[in-house]
Every structure is written in C-alpha cells, then in structure tokens.
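J.: Fold the following, please.
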Amino acid sequence: MNNPIADRVKDARQSDIRRYSAICAAVNGVNLSQGVCDQPAPPVVKDAAKRAIDLEHATYTNLRGIVELREAVAAKMRDFNGIECDPETEVAVTVGSAGAFACAVLSTLNPGDECVVFSPYYSYHVNLLKLFGIAVRFVDLAAPDWSYSRADLEAAFTDKTRMVLVNTPNNPTGKVYSEGELLHVAELANRHNAWIVTDEIYEYITYGAPHVSVGRFPEARARTITISGASKTYAVTGWRIGYAVGPAEIIDRMAVVNDLLYICAPAPLQHGISAGMRLPVDYYEGMSKDYLLKRDMLVETLEAVGFTAFIPAGSYYLLASFEPGRWEDATAATESILERVGVATVPGSAFYRNPDDGRHQLRFCYAKQTADLEDACRRLRKLAAQGAVTAE
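T.: Numbering: from 1, shown residues only. Model prediction:
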C-alpha cells in the first residue's frame, strides 16, 4: 500500500532516550537514560488527587485549568520566580511543559520563522520546532562550564528570528543561566522583536547557583513566556501537568490552542498538584540536597572508571566524556555499557546540532531512588575491572 503520509513526519522516529529505556527494561537493567524521575511523589500530592477522584472531579476543566491551580501557580511565580501574574488572564495550565511549549510555538510562530536554540539542547524542543516548520539557528555551549560566545548569540539573530529558547536549569548540561546571560538574551529579543520562551521545569533543582527567571526583568516581561510544570518537582512525570505564564494576550491564544489540542489537563491530577504547590520551602530545599548527594555519588563513580564528568549546576542530568579510542563513538559506548553491566545511558551526540561534538560523551540521569542509583554505580564500577579503556 502507498497511503499518504505527511511530509512533517516522514523523518520522525522514536528518540534515542526512549529506545534505550525500552532495551534497559527488557534486560532488567538500571535506567540512567530517561528522566522518568522514578521516586515517590509527596503524599499530599497523591492524597489530594485521590480525594479529587472520590469527589467526582472527572469532567472537563476551564480551558485555562482549575482556578485553584492557577492561583497556586501565580503565588509561586510571585514568591519564587519574582514574576507577578494574574491567575485569571496570565496563567494557563497545559498537558505537561511539553504541551505548554507546543502551544507557545503554535501561538507565536509561522512556518519559516526562526528560533534561536542553545546546543546541546533538549531534543523534544528542537524536534517539535522542526515538526511545525520552524527553522532553528543554534548557538554552541562549550564544556566544561557550558559558556557561549556573546558574539555567536548576536550573530544567530536575523530578520526572521521570532523566538529565542532558554532552558534553565538545562537538560542535558545542567547549566544554570546567569542574570547577565539572561539580560543579554532579553536585550537581543527586544532588539529583534522576538519572543523569549524559557523552560524552567528544573527550577527547584540547583546546587549553589541561583535560579533566575528572565521574565522577572522589566525589559523582558512583555515578551517572555515562562514554562514549567509538576513532573520533576513532585516526581509525577506521567501525570502531565504543566503551565505557562506570560502576557495576557498570548496566554489567551495559548489557552485556545491547548483546548483545541488537548481539551484540558487531567482534572483530578490538577487538584493534586494544586495541593503540592503549597508544600513548605523545606520540601524543595530537601529535594535539591538529595539530588546533590546523588550527583556527587555518580560523579565520583564516573571519575573512578575513567570518565570526565562535566559537573552540573542544576537539573538531574550530567554529560560525561570518555577518551577517543575507548569506544568507537557514543552510540557504541551506550550499547556496550548496557550490554556489559546493564546500565542505560544516552549518546551525547543526540543533543548536539553537530553530532560529532558529542561523539565521545554520554548523558546520565540520576533522578533515581538511592538504592537504584547505588546499584547503577556498583554496575558502572565493573567497567574498570573489564578493561574498559580498550577500544571495541
């Protein structure tokens, strides 16, 4: 049969992250590839969702989300991000932060418009932009501190630029953008009349470097769409509750797009996240401290078996490099480690505009329960005993 297929999906395929996760599950390994965040959700979040189910909160919500959650988002944005927003007009609840990004792109960009993206990048961002016919202009981040050239960023903007995308803390590098960097982004966005879309899903997971929201700056507020969600903060990646905050005019359009695509995010789960967003500050501080211990455990293990870990300032991912010749490339390294010791990683090449830049890097995720991460580290340490510095 020769059934028609849309051009936009002819090259679409499952991400390397999900592919290696599936293989890992099949061999009963430890998955350090996908950011599934397989840790227990806070009891208050689960209890509130169960209660909402029992109370028959099973129908469609307002296209912007339940008012309780929007009010909780507005309070959090004021207290944590330094952004004042009206829960009635400047907040929209979405189907995950990925849904928020899809709605932002569809509401602000036309096919042929350009978006500036930093590389390494989160592949879902770039793949979605390409799916919608948006041209991507990349700016390279340089290890080990993931800095970039201000001149390169300025050169990436053209008369077709309509958006600049920031992900802070960043997946996959763990980079936390500084106030100076974000002010520079704002300056360029103003100069070129471009939207700033900032994905801040890992905002509570930082290690000493403060999280800064570009939308808090007066010069950026009118053109910034801030995206975040519950997945990482409350360990509920499968619940798909995200949100967007921004100027009323664009949030209104995003809410309509969200309604057209998804109708609404799951109603009872919105109630669960509304309760979670009222947790005390020590919950968030404790989560960050827990991830710091796990980061250091993984870094120590990787250094012990010959990797160079690029230590993240935020998120729960890190990139680590290996010597050329140890494995042919990152894909060979990923497959070898999974086969040898049953630990899934992701080839670094999957995150770069030029795959060769990540040819000798792997991404590791440490959003695991402590016992599982300890198991992964024990397994990884076997690489040294197996002559892992030998080319394959």
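J.: Where in the protein is the helix or strand with the lowest mean pLDDT?
T.: helix 16-26 (a mean of 74; mean pLDDT, DSSP states H and E).
J.: For it, name the packing helices and strands.
T.: Contacts defined by 3 or more CB pairs under 8 Å, 6 or more residues apart in numbering; DSSP states H and E place helix 16-26 against strand 30-31, helix 330-341, strand 343-344, strand 346-347. To be clear about C-beta, it is placed using only N, CA and C from the backbone, and glycine gets the same treatment.
J.: Dump the lengthiest helix in the chain to PDB, restricted to CA.
T.: When the chain is parsed with DSSP state H, its longest helix is helix 281-304. Extracted in PDB, the C-alpha atoms of helix 281-304 (Å, rounded to 0.1, in the frame of the first residue of the first chain):
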ATOM      1  CA  VAL A 281      10.000  25.600  51.400                       C
ATOM      2  CA  ASP A 282      11.900  22.800  53.200                       C
ATOM      3  CA  TYR A 283      10.400  20.300  50.800                       C
ATOM      4  CA  TYR A 284      12.100  22.000  47.900                       C
ATOM      5  CA  GLU A 285      15.300  22.500  49.800                       C
ATOM      6  CA  GLY A 286      15.400  18.800  50.800                       C
ATOM      7  CA  MET A 287      14.800  17.700  47.200                       C
ATOM      8  CA  SER A 288      17.700  19.800  46.000                       C
ATOM      9  CA  LYS A 289      20.000  18.500  48.700                       C
ATOM     10  CA  ASP A 290      19.000  14.900  47.900                       C
ATOM     11  CA  TYR A 291      19.900  15.400  44.200                       C
ATOM     12  CA  LEU A 292      23.200  17.000  45.200                       C
ATOM     13  CA  LEU A 293      24.200  13.800  47.100                       C
ATOM     14  CA  LYS A 294      23.200  11.700  44.100                       C
ATOM     15  CA  ARG A 295      25.000  13.900  41.700                       C
ATOM     16  CA  ASP A 296      28.200  13.600  43.700                       C
ATOM     17  CA  MET A 297      27.800   9.800  44.000                       C
ATOM     18  CA  LEU A 298      27.500   9.500  40.200                       C
ATOM     19  CA  VAL A 299      30.400  11.900  39.500                       C
ATOM     20  CA  GLU A 300      32.700  10.000  41.900                       C
ATOM     21  CA  THR A 301      31.800   6.700  40.200                       C
ATOM     22  CA  LEU A 302      32.300   8.000  36.700                       C
ATOM     23  CA  GLU A 303      35.600   9.600  37.500                       C
ATOM     24  CA  ALA A 304      36.700   6.300  39.100                       C
END
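J.: How far does that helix sit from its chain's centre?
T.: In this view, helix 281-304 has its centroid 18 Å away from the chain centroid, taken as CA atoms, centre = their mean, to the nearest Å.
J.: And it, what's buried?
T.: Tyr283, Met287, Ser288, Tyr291, Lys294, Arg295, Met297, Leu298, Val299, Thr301, Leu302 (16 or more other CB atoms under 10 Å).
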